[in-house]
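Novice: Using only what follows, build the 3D model:
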Amino acid sequence: MTRIAVMGAAGRMGKVLVEAVQQAPGVTLGAAIVSPNSSLVGADAGELAGVGKLGITLKDSLASAADDFDVLIDFTNPEISIASLAECVRLNKAIVIGTTGLSGEHKKTLSDQGQHIPIVFAPNMSVGINLLLDILYRAASVLQDGYDVEIIETHHRHKVDAPSGTALRLGEVVADAMGRNLDECAVYGREGITGPRTANEIGFETIRAGDVVGDHTVLFASEGERIEITHKASSRMTFAKGAVRACTWLQDQSYGLYDMQDVLGLKD
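Specialist: All right, here's what the predicted structure looks like:
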């Protein structure tokens, strides 16, 4: 039985993660962590998540729960996630990170620490999105330079990073399939007199509104036709279930940095 700890268990995503752990076979909630300054320290994690009393009280640090978990799930923010990673290395624990907005330096830290513990990092833990990545690579490989590419993403008004980590990952997959460097060809929004669209650019459009969980569309357009590949998430539970699935898979892995493509067996 894999014992899972949830970082940020009092947050919107944290509560859903607690619920997902309770629903999944072969795993159990071992610990739930919140900020040391939180007034909820000591509260029952299950009651807070709406799944009933679990007897797991919210703790204020990973160190205080060191004997209670095997894998940590962290969907918080870049600074907390990197601190959680360092603590997991110290405690020799595996970690699943679904946090978005990580910088290049953060990702290098993930790669470096993957030499010490097993890590799954993905900006989107949805099984559907990760299957879409596989489909998208095949589509972009066939369509190539005859099609303009635009990536449109919509999220709730509270999301703080843009474009979303998922949108950027979609762009990376398209660029890789088409032999381009996303850093050189990405265009983030357009305003004013921009001139004609260049042939190789990959455009990103960001929408923030309401309570949208996450919509992503990759548009391929040429003279005479359009192809749209779309994923729409209507519940955070889809991300939580993917993260729990990653935890069970990670228990059988040695140290290394993995992603959801590894978890789902989609890599050659």
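
Novice: Pull up the per-residue confidence for the nearest residue to Leu257 once chain neighbours are set aside.
Specialist: Spatially, and ignoring its direct neighbours in sequence, Leu257 is nearest to Gly114 (3.2 Å; CB to CB, 6 or more residues apart in numbering). No exception for glycine: its C-beta is placed from N, CA and C like everyone else's. On pLDDT, Gly114 comes in at 97.

Novice: number of nearby residues for Asp183?
Specialist: 9 (other CB atoms under 10 Å).

Novice: one step back: burial of the residue nearest to Leu257, as a residue count?
Specialist: For Gly114, the count of nearby residues is 18 (other CB under 10 Å).

Novice: What distance do you get for it to Lys108?
Specialist: 11 Å (CB to CB, to the nearest Å).

Novice: Does Ile4 fall in a helix, a strand, or a coil region?
Specialist: strand (DSSP: H, G, I helix; E, B strand; the rest coil).

Novice: which ones are touching it?
Specialist: The neighbours of Ile4, taking CB atoms under 8 Å, 6 or more residues apart in numbering as the test, are Val21, Val27, Thr28, Leu29, Gly30, Phe69, Asp70, Val71, Leu72, Ile73, Val244, Cys247.

Novice: swap in Ala49?
Specialist: By CB under 8 Å, 6+ apart, the neighbours of Ala49 are Ala9, Gly14, Lys15, Val16, Val18, Glu19, Gln22.

Novice: Who are the packing partners of the longest helix seen in the chain?
Specialist: Scanning the chain for the helix with the most residues, using DSSP state H, yields helix 127-143. Under the contact criterion of 3 or more CB pairs under 8 Å, 6 or more residues apart in numbering; DSSP states H and E, helix 127-143 touches helix 165-177, strand 214-222, strand 225-233, helix 237-250, helix 260-263.

Novice: tell me which residues in that helix are buried?
Specialist: Across helix 127-143, burial judged by 16 or more other CB atoms under 10 Å covers Val127, Ile129, Asn130, Leu132, Leu133, Leu136, Tyr137, Ala139, Ala140, Leu143.

Novice: before we move on, the earlier item: tell me which two in the contacts of Ala49 are the farthest apart.
Specialist: For these, the maximum inter-member distance is 13.1 Å, found between Gly14 and Gln22 (CB to CB).

Novice: so what are the domain limits for the chain?
Specialist: Structurally, the chain divides into domains by automatic domain parsing as follows: 2-121+236-263, 127-233.

Novice: Could you pull up the mean pLDDT of the shortest one?
Specialist: The predicted model assigns domain 127-233 a mean pLDDT of 95.

Novice: So what would you say the end-to-end distance of it is?
Specialist: Distance across domain 127-233, first residue to last, is 11 Å (CA to CA, to the nearest Å).

Novice: Can we start the residue count at 48 from this point?
Specialist: Done: numbering now begins at 48, and the last item shifts to domain 174-280.

Novice: Run the chain-centre distance for that domain.
Specialist: Here domain 174-280 is found 17 Å from its chain centre; the criterion is CA atoms, centre = their mean, to the nearest Å.

Novice: Also stretch 112-119?
Specialist: 21 Å.

Novice: Sort out which residues of that stretch are buried, please.
Specialist: Ala112, Asp115, Phe116, Asp117, Val118, Leu119.
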